[in-house]
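> Got a predicted structure plus its sequence, pasted below:
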Amino acid sequence: MTTTTLAALVPLLPFLGAVAGLLLGRTAPGFVRPLAVLPPLASLALAALVAARQGGGRAIDAYTLLTPTGSVPVDLALHIDGFAALVAILVAFVATCVQIYSTGYLRDDPRYPSYAALVSLFTSAMLLVVYSGDLIVLLVGWEVMGICSYFLVGHYWGTPEARAASLKAFLVTKLGDVPFLIGLFALGTDAGSFRITRVLGAVASGGLDHPTLIALLLLAGVAGKSAQFPLHTWLPDAMAGPTPVSALIHAATMVAAGVYFVARLLPVFEASAAAMTVLAVMAAVTMVGSGLAALAQDDIKRVLAYSTIGQLGYMTGALAVGDRGAAVFHLLSHGAFKALLFLAAGAVIHASGTNSLAAMSRMSHLRDRVPDAFWTMTVALLALAAIPPFSGFFSKESVLGAAEHLATGHGGPAPGAAGWIVLVAALVTALLTAAYATRLWLLAFRGRGAEAPEYGRQPLSMTVVLWVLAVPSLAFGALAYRVLPGWFDGRSLAPTLLTSILGTGLAVVGALLVYGAWQRTSALAARVPLGAVAAHPEGDAGLVEAEAIATHEPAYGDIAEAPDPADPGRLLLGPLYGPAASGFHLDAVYSALFVRPVLGAASLVRFLDREVVDTYVRGAAALPRLLGAAVRRAQTGNVQTYVSALLAGTVVLTVAVLLVASGA
């Protein structure tokens, strides 16, 4: 079988599994789980075989005319280079893990068949994006992922949070997709083709007439899909969906699509210094802002969501300094440990039998209750914090090294200022990342919250997946930085001495600051025994009130609005805690700038429609109705009345004729 045929089967198999799962979900439920697991597993095997044949060498290209358009044709094309080959393995690997994990996590969910089918369709769409050699075909996969995210985030549609989150995710990403679509059309028009190889050829020959405009339009779609500032606000709310969906979206599919798109078309962006600077600023604001927000979240999944936004900022930062090898290296590394973090968080939630335990302030003794989640999440958090020798250290250092290379005047495709912007923001984010990772570990596994009832042992399918993902989280980076340059552009991905010392040192400082703050706040919170909470007539609110008295701070009337008294993030952030916890009120800003004006305009249109247009329509119909009523009243059916009217009319006409005659 040819490599092209094998590559075509990689996205096709999950698609067929999704179709079969939807058709057989109710008539043959016994086939649902095999149809969920086997297609992505087969795609993983085929993607590995395609990667072995491609070998990091010359790209595999194949195409056939899909439809003539009269101007720029659309081709059904494959373009598989080293980047595509490895990213496809990541997508298929994480999707397989998520499907296996979901068989245990959602085993009692009545809507599991549709869930599994949508996950398979989601996987197929991302694999289409990865392998596609034509921008319009890539756009199809891009948009299918948006539809799948809408349904998967809203899986628990009975809750208002899930409904609102799914709608928000769809609308915010579509807000970016509109300029993205315009940018794709402009790019295809300038290049004379939607084929990626021809587009890159046109860029190399200077054939783009509007590189800055095209790049900025495309960046709007990337910001929406990859949750970058200012279109990142949908991602934290998307945690209302099932935890395995969060793992899939954050680790290997939707949010990775934007980064992968820029990496594949990086020369288009490098043709505009302004676009590269905008990309650097976007990455810097995203990294630092998300790090501060993560340090103030109480929900464990929202911490991980803001963490994803920040790590994607690292990737876009690497792209902003012109090193797509470092960006995709961090994409691969992040995919493993972020999937592990979400699935371990899912094991923690599953242990309680309810989503309420997602609040870290309520967690207690989880190390003993879910030991597999404890050990594997510890590995993943160390990788996230970029502590050597875990995988996140090597991939993050490749980003820092690329930024330092540009900032120190060694030249590159982007302005030197972009290098300094990315380098400073990435170092600050290294401190913040280690800080919120340490905070999460302390609050989740050494917290003083109320202990939830034991739900039962974790299914084997969940536990096995956690340990499988722990392997690349631990060992991938040390091997990959030596091997991946041959698959990418040949640039070294080895850690540099200066950035390694700075990045690791700042990470250690961040972890120590949080640990010291946690000891101080824990000692303060210990003044009020946990037993006093249960005895207090106001429950948890009583503890918050007692703590407020001890610290001379105002009490919270509602425990849901109150931060954990032992939360080190509250102490470290100080007055920034409230704004950071709310995402710096960006949702309120967008509501004031966009939502309210749109609602106001809609109210005005409704008023004009009801009070003006409808009034005119009613008035236009009133006169014929009145005339008709008058005529209807004249038709009495009484012959005497008709004869009397006839005589009266005759008399009137006679008098009128005589008057006219006499006047003449």
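Received the coordinates, thanks.
> other SSEs contacting the helix or strand harbouring residue 49?
Residue 49 belongs to helix 32-54 when assigned by DSSP states H and E. If contacts are counted by 3 or more C-beta pairs under 8 Å, 6 or more residues apart in numbering; DSSP states H and E, helix 32-54 sits against helix 3-24, strand 60-67, helix 82-105, helix 112-131. No exception for glycine: its C-beta is placed from N, CA and C like everyone else's.
> for that helix, what is the average pLDDT?
Within the predicted structure, the mean pLDDT of helix 32-54 is 95.
> now do stretch 319-336
95.
> Outside of stretch 45-64 itself, which residues are in contact with it?
Stretch 45-64 has contacts (C-beta atoms under 8 Å, 6 or more residues apart in numbering) with 3-4, 6-7, 9-10, 13, 75-82, 85-86, 88-89, 91-92, 127, 133-134, 195, 197, 486-488.
> Any quick ChimeraX command for the buried ones out of those?
In ChimeraX syntax, the buried subset of the contacts of stretch 45-64 is picked out as below (16 or more other C-beta atoms under 10 Å):
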select :3,7,9,10,13,75,76,77,78,79,80,81,82,85,86,88,89,91,92,127,133,134,195,487,488
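> burial measure for residue 49, as a count.
15 (other C-beta atoms under 10 Å).
> ok, now residue 281?
17.
> Next up, the contacts around the nearest residue to residue 469 once chain neighbours are set aside.
Excluding its sequence neighbours, the residue lying closest to residue 469 (C-beta to C-beta, 6 or more residues apart in numbering) is residue 340, at 3.9 Å. Applying C-beta under 8 Å, 6+ apart to residue 340 gives the contacts 376, 377, 379, 380, 466, 469, 470, 473.
> Which one of these is nearest to residue 143?
residue 469 (28.9 Å; C-beta to C-beta).
> By residue count, which helix of the chain is the longest?
Criterion DSSP state H: the longest helix present in the chain is helix 160-191.
> could you give me the average pLDDT of it?
93.
> That one: which residues count as buried?
Buried residues in helix 160-191 (16+ other C-beta under 10 Å): 162, 165-166, 168-170, 172-173, 175-177, 179-188, 190-191.
> Show the pLDDT at the residue minimising distance to the centre of the chain.
In the chain, the centroid-proximal residue (C-alpha atoms, centre = their mean) is residue 235; its distance is 4.5 Å. Residue 235 is assigned a predicted lDDT (pLDDT) of 93.
> List the buried residues in the helix or strand where it lies.
Applying DSSP H and E as the criterion places residue 235 in helix 234-237. By neighbour count on 16+ other C-beta under 10 Å, the buried set for helix 234-237 is 234, 235, 236, 237.
> Adding distance to residue 26, write those residues out as a markdown table.
Output for the buried residues of helix 234-237, formatted as a markdown table (distance: C-beta to C-beta, whole Å):
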| residue | distance to residue 26 |
| --- | --- |
| 234 | 32 |
| 235 | 33 |
| 236 | 34 |
| 237 | 31 |
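> quick one on the thing from earlier: lowest average confidence across the helices and strands packed on helix 32-54, which one?
Across the helices and strands packed on helix 32-54, strand 60-67 gives the lowest mean pLDDT, at a mean of 88.
> which of the residues in it are buried?
For strand 60-67, a neighbour-count test (16+ other C-beta under 10 Å) marks 60, 62, 63 as buried.
> Between those, which sits nearest residue 575?
residue 60 (55.3 Å).
> ok, now which ones touch the residue nearest to that closest one when sequence neighbours are not counted?
Leaving out its chain neighbours, the residue that sits closest to residue 60 by C-beta to C-beta, 6+ apart is residue 80, at 4.3 Å. Going by C-beta under 8 Å, 6+ apart, residue 80 touches 3, 7, 50, 54, 59, 60, 61, 88, 131.
> Can you report phi and psi for residue 80?
Here is the backbone geometry of residue 80 (degrees, to the nearest 10): phi -120, psi 100.
> Look up how far residue 27 lies from residue 142.
According to C-beta to C-beta, to the nearest Å, residue 142 and residue 27 sit 33 Å apart.
> cool, and residue 73?
For residue 73, the distance to residue 27 - C-beta to C-beta - is 42 Å.
> Looking at these two, which one has more neighbours?
Taking neighbours as other C-beta under 10 Å, residue 73 and residue 27 compare with residue 73 leading, 18 against 7.
> Touching, the more buried one and residue 193? I think so.
Yes - under the criterion of C-beta atoms under 8 Å, residue 73 makes contact with residue 193 at 7.4 Å.
> still on that earlier bit, which residue packs closest to the residue nearest to the centre of the chain, ignoring adjacent ones?
Residue 235's closest residue in space is residue 227 (C-beta to C-beta, 6+ apart), at 4.0 Å.
> Confirm that neighbour sits in a helix?
No - according to DSSP: H, G, I helix; E, B strand; the rest coil, the state of residue 227 is coil, so it is not within a helix.
> Enumerate every residue touching it.
Contacts for residue 227 (C-beta under 8 Å, 6+ apart) come out as 234, 235, 255, 308, 309, 312.
> And the closest residue to residue 179 other than its chain neighbours, its phi and psi?
Spatial nearest neighbour of residue 179, excluding adjacent residues (C-beta to C-beta, 6+ apart): residue 220 at 4.0 Å. In terms of degrees, to the nearest 10, the main-chain angles of residue 220 are phi -60, psi -40.
> What of residue 70?
Residue torsions, per degrees, to the nearest 10, at residue 70 are phi 90, psi -20.
> so what's it up against?
So residue 70 contacts nothing (C-beta under 8 Å, 6+ apart).
> tell me the pLDDT at it?
76.
> Could you do residue 138 as well?
95.
> Return the list of helices and strands in contact with the strand or helix carrying it.
Assigned by DSSP H and E, residue 138 belongs to helix 135-153. Judged by 3+ C-beta pairs under 8 Å, 6+ apart, the packing partners of helix 135-153 are strand 74-80, helix 112-131, helix 160-191, helix 211-225, helix 243-251, helix 254-264.
> So which of the ones you listed is nearest residue 573?
Comparing the helices and strands packed on helix 135-153 by C-beta to C-beta, helix 243-251 comes nearest, at 23.9 Å.
> Below-threshold pLDDT in the stretch 351-500 of the chain: ranges please.
352-358, 364-365, 448-456 (pLDDT under 70).
> What segments of it are helices?
With DSSP state H, counting those that start in this stretch, the ranges of helices along the stretch 351-500 of the chain come out as 366-369, 371-384, 391-407, 416-445, 460-483, 497-525.
> Return the most buried member of those helices.
helix 391-407 (a mean of 28; mean count of other C-beta atoms under 10 Å).
> could you say what helices and strands that helix packs with?
By 3+ C-beta pairs under 8 Å, 6+ apart, helix 391-407 packs against helix 300-320, helix 324-352, helix 371-384, helix 416-445, helix 460-483, helix 497-525.
> Reformat those helices as TSV; add distance to residue 276.
Formatted as TSV, these follow (distance: least, C-beta to C-beta, whole Å):
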stretch	distance to residue 276
helix 300-320	6
helix 324-352	12
helix 371-384	27
helix 416-445	6
helix 460-483	24
helix 497-525	20
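> what's the closest of those to residue 600?
Closest among the helices and strands packed on helix 391-407, using C-beta to C-beta: helix 300-320, at 30.6 Å.
> helices or strands up against that closest one?
On a contact count with 3+ C-beta pairs under 8 Å, 6+ apart, helix 300-320 meets helix 234-237, helix 243-251, helix 254-264, helix 273-294, helix 324-352, helix 391-407, helix 416-445.
> on that earlier part again, buried sites along the helix holding residue 138?
In helix 135-153, counting by 16+ other C-beta under 10 Å, buried: 135-139, 141-146, 148-153.
> separation between the residue nearest to residue 235 and residue 305?
For residue 227, the distance to residue 305 - C-beta to C-beta - is 8 Å.
> got any residues that touch both of these two?
Common neighbours of residue 227 and residue 305 (C-beta under 8 Å, 6+ apart) are residue 235.
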